[in-house]
Structure formats: C-alpha cells, structure tokens
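Sequence and computational prediction follow.
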Amino acid sequence: MRRFLYLSLIDRLKQMTDKTGEPVIKTFDLWNEQVEFIEQEEVFDTPAIFIEFMPVKWNTLGAGTQRADATIRLHIITPWDGSTRDGSQFQQQSLERFDLLDRIDRHLFNLTGSNRQTEFNMFRRTGSSTNHNHEELVEDISDYTCMVMDNIRKE
C-alpha cells in the first residue's frame, strides 16, 4: 500500500510543470527529517517534497480486504527568498511559495489510483501548517487523507 501510494503521488506531482515544460518539483523522497539534519543530509534541489506516512488504523471487511483512512503528510521545502514585509523588494518573489502550495493542493485534489491489490480515492487536503521559523529553507506541511482498500490475500 505505501509503495503504491508513494509512487502514485510522485507520478502525479511530476505532472506539474513550469512554462517551459520542466517539472516544478525537483526532488522527491520519503521524509527523514531532512531539514533538521541539513548538514548531514545528501544535497537536494528545491522545491522538494518529502512524503511522510502517518499511522494507519485498518478495519477488516472480510475476504482479506481491509479499509482505512490514510493520512499522508507532505513536507514541501522551498528556498527562503527574502522578506515578505510590505514594501520589500523580495515580497512578490517570497510569496510565490504560497502559490506553489495552492497549486499542489489543486493538483492532488481527488487523486485516485488502483493496481488491482490496492485502491485509493477521495484524496483530500485535511490540514496545513505554514512555517514561520526558518533560515535558508522553508518547510511548509500539507496533510492529505484518502480512503484506502487493500486486499492482503492477493500477491
């Protein structure tokens, strides 16, 4: 289930391109507190998205089928471009991170997927957190919840 959701998210987010057709998001990976340990971390390009799977509680429906509401947390890392203070020469450029967050939310709304063993749908944003305490990298967080059906009997 996690592998399928992870790869489905990356495939969908790679479809977000800039005016030249290049992918907007430059790095994808599983979350491992990359921002906290930036000195020890492998260098990555920004914008970056790190995917975190929150704990899941499964319900068994029978015949090897389980259902859950799964929450996936995206850590969206962008460079800090300067002050957003009114009148700052960097304000417009610095506020572009909010445009990216809105674009990601719209792009992932109602994402669905199925691989005959796992199916997910109703992918919806359920939470967001704006970083107000950062240095050269900004980590904003968006939570998404989807309904997952998993057949644990199929191989």
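Perfect, thanks for sending it. Numbers count the residues shown, from 1 in each chain.

switch to C-alpha atoms for all contacts and neighbour counts from now on
Noted.

Point out where this protein drops to low pLDDT.
37-41, 82-85, 87-92, 94, 154-155 (pLDDT under 70).

mind listing the helices for it?
For the chain, helices defined by DSSP state H occupy the ranges 2-14, 91-108.

what's the angle from the last one to helix 2-14?
Counting by axes from the mean of the first three to the mean of the last three Cα atoms, to 10 degrees, helix 91-108 points 130 degrees away from the direction of helix 2-14.

who does helix 91-108 touch, helix- and strand-wise?
Here helix 91-108 touches helix 2-14, strand 118-129, going by 3 or more Cα pairs under 8 Å, 6 or more residues apart in numbering; DSSP states H and E.

Export it to PDB, keeping only CA atoms.
What follows is helix 91-108, C-alpha atoms only, in PDB (Å, rounded to 0.1, in the frame of the first residue of the first chain):
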ATOM      1  CA  GLN A  91       7.900  40.400  -1.200                       C
ATOM      2  CA  GLN A  92       6.400  39.100  -4.500                       C
ATOM      3  CA  GLN A  93       9.200  36.500  -5.000                       C
ATOM      4  CA  SER A  94       8.900  35.300  -1.400                       C
ATOM      5  CA  LEU A  95       5.200  34.900  -1.600                       C
ATOM      6  CA  GLU A  96       5.500  32.500  -4.600                       C
ATOM      7  CA  ARG A  97       5.800  29.700  -2.100                       C
ATOM      8  CA  PHE A  98       2.100  30.100  -1.300                       C
ATOM      9  CA  ASP A  99       1.300  29.900  -5.000                       C
ATOM     10  CA  LEU A 100       3.100  26.600  -5.100                       C
ATOM     11  CA  LEU A 101       1.300  25.300  -2.100                       C
ATOM     12  CA  ASP A 102      -2.100  26.200  -3.600                       C
ATOM     13  CA  ARG A 103      -1.100  24.600  -6.900                       C
ATOM     14  CA  ILE A 104      -0.100  21.400  -5.200                       C
ATOM     15  CA  ASP A 105      -3.400  21.300  -3.300                       C
ATOM     16  CA  ARG A 106      -5.400  21.800  -6.500                       C
ATOM     17  CA  HIS A 107      -3.200  19.200  -8.400                       C
ATOM     18  CA  LEU A 108      -3.800  16.500  -5.800                       C
END
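
Since that was my last question, I'll sign off now.
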